[in-house]
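**Q** This is a predicted model, with the sequence first.
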Amino acid sequence: MNCIWEIVLKAKKNGYKLEELRFINSKSPSPYTESSFDFLNYDTVEDTELEVNPLYRFSNELGDIFLPDIVGYEHIRELFLDVMMHYIAVWDLRSGADKKELRAMYILKEIESGAFLKRFRETLFFLGFEKAKRIIFCLLDLYSCGDYITIFKKALRELYPNSNLYIHSENVKKLILFTGVDKTKKDIETVKMLKDMFLSLSYEMDVFWKHHFGVIGVGESMRIGEIAIY
């Protein structure tokens with residue numbers, strides 16, 4: 001169990017009610033989990049007193065209260081932590097937070113800190129949190145299924161709803177992308193980031209921006225003054 005909502009669900013399965021649980025600050029928290037069981041794959045709740053790491057998701061907001069070297073007002077801080085974790089548990093369960101959501105949040109936090117994918121950090125976060133999160137969802141999907149082209153298309157549509165991706169008729173490793181937007185420095189960086197994230201090095205890609213290349217028989221692509229040459 002990694003997250004608060006998982007702990008609560010396991011506790012309910014073992015007959016404990018949410019109001020019976022007491023959350024306390026862990027003496028030896030892991031930076032990679034919200035729970036603090038002795039074993040990472042621990043799958044049962046046998047006690048109502050549960051150690052948690054409040055800084056897993058809220059280090060910026062709660063660091064001044066729950067860092068190990070903070071002293072004073074112990075009873076108030078213990079009470080605040082317990083009440084807050086009960087609220088978070090209810091919020092997680094009611095909002096439909098799931099493992100994929102929390103994994104994405106963790107990955108974004110690691111990217112922001114520079115732990116990995118550092119070269120994508122500026123471009124990714126320029127998109128805004130929600131769009132960045134949807135791109136990480138796509139990355140998790142790629143990890144699950146391994147279908148480069150399908151997930152690349154999905155990621156493109158998250159940022160460029162009018163985009164189309166074509167596979168060259170004579171070379172399956174060559175792609176042709178129409179974005180449907182003006183060519184800007186930021187969009188060039190964004191498309192490059194997506195290509196590097198989701199496609200293997202063996203793929204080549206030509207990019208068309210606002211104007212589509214002409215396709216015989218497709219009237220929308222054959223308008224005078226709006227055709228790109230390929």
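**A** Great, that's in hand. Numbers count the residues shown, from 1 in each chain.
**Q** Can you tell me the closest non-neighbouring residue to Lys174?
**A** Across the structure, with CB to CB, 6 or more residues apart in numbering as the measure, the residue nearest Lys174 apart from its sequence neighbours is His168 (3.9 Å). Backbone N, C-alpha and C define where each C-beta goes, glycine included.
**Q** what are the phi and psi angles of Glu49?
**A** For Glu49, the backbone dihedrals are phi -100, psi 120 (criterion: degrees, to the nearest 10).
**Q** Can you name the residues that contact it?
**A** Glu49 makes contact with 22, 24, according to CB atoms under 8 Å, 6 or more residues apart in numbering.
**Q** Quickly list what it is bridged to.
**A** Arg22 (DSSP bridges).
**Q** ok, and what's touching stretch 172-190?
**A** 123, 126-127, 149, 156, 159-168, 191, 199, 202-210, 212-213, 230.
**Q** so how far does that stretch reach from one end to the other?
**A** For stretch 172-190, the first-to-last residue distance is 23 Å (CA to CA, to the nearest Å).
**Q** Likewise for stretch 33-48?
**A** Chord length of stretch 33-48, first to last residue, is 19 Å (CA to CA).
**Q** and what of stretch 158-177?
**A** Taking CA to CA, stretch 158-177 runs 14 Å from one end to the other.
**Q** what residue ranges in this structure are flagged as low confidence?
**A** When residues are selected by pLDDT under 70, those of the chain lie in 1-2, 37-43, 96-98, 213-230.
**Q** Going by neighbour count, list what's buried in the lengthiest strand in the chain.
**A** Counting by DSSP state E, the longest strand found in the chain is strand 171-178. Of the residues in strand 171-178, those with enough neighbours to count as buried (16 or more other CB atoms under 10 Å) are 175-178.
**Q** Which neighbours in the sheet does it have, and how are they oriented?
**A** Partner strands and pairing direction for strand 171-178 (DSSP bridges) are strand 164-168 (antiparallel), strand 204-208 (parallel).
**Q** following it, which helix or strand shows up next?
**A** Scanning the chain past strand 171-178 towards its C-terminal end, the next helix or strand to appear is helix 185-198 (assignment: DSSP states H and E).
**Q** quick one, that next one and strand 204-208 angle?
**A** In terms of direction (axes from the mean of the first three to the mean of the last three CA atoms, to 10 degrees), helix 185-198 departs from strand 204-208 by 150 degrees.
**Q** tell me how far helix 185-198 is from the chain's mean position?
**A** The gap between where helix 185-198 is centred and where its chain is centred comes out at 17 Å by CA atoms, centre = their mean, to the nearest Å.
**Q** Buried residues, it. List them.
**A** 187, 190-191, 193-195, 197-198.
**Q** returning to that earlier point: pick the one among the buried residues of strand 171-178 closest to Lys118.
**A** In terms of CB to CB, no member of those lies closer to Lys118 than Leu177, at 25.2 Å.
**Q** Which strand residues bridge the closest one?
**A** Under the criterion DSSP bridges, Leu177 forms beta bridges with Leu165, Val207.
**Q** State the distance from it to His75.
**A** With distances taken as CB to CB, to the nearest Å, Leu177 is found 60 Å from His75.
**Q** Find the centremost residue of this protein, please.
**A** A centroid search over the chain (CA atoms, centre = their mean) returns Ala104, at 2.5 Å, as the residue closest to the centre.
**Q** Secondary structure element for Asp82, which one?
**A** Here Asp82 sits within helix 74-95, counting by DSSP H and E.
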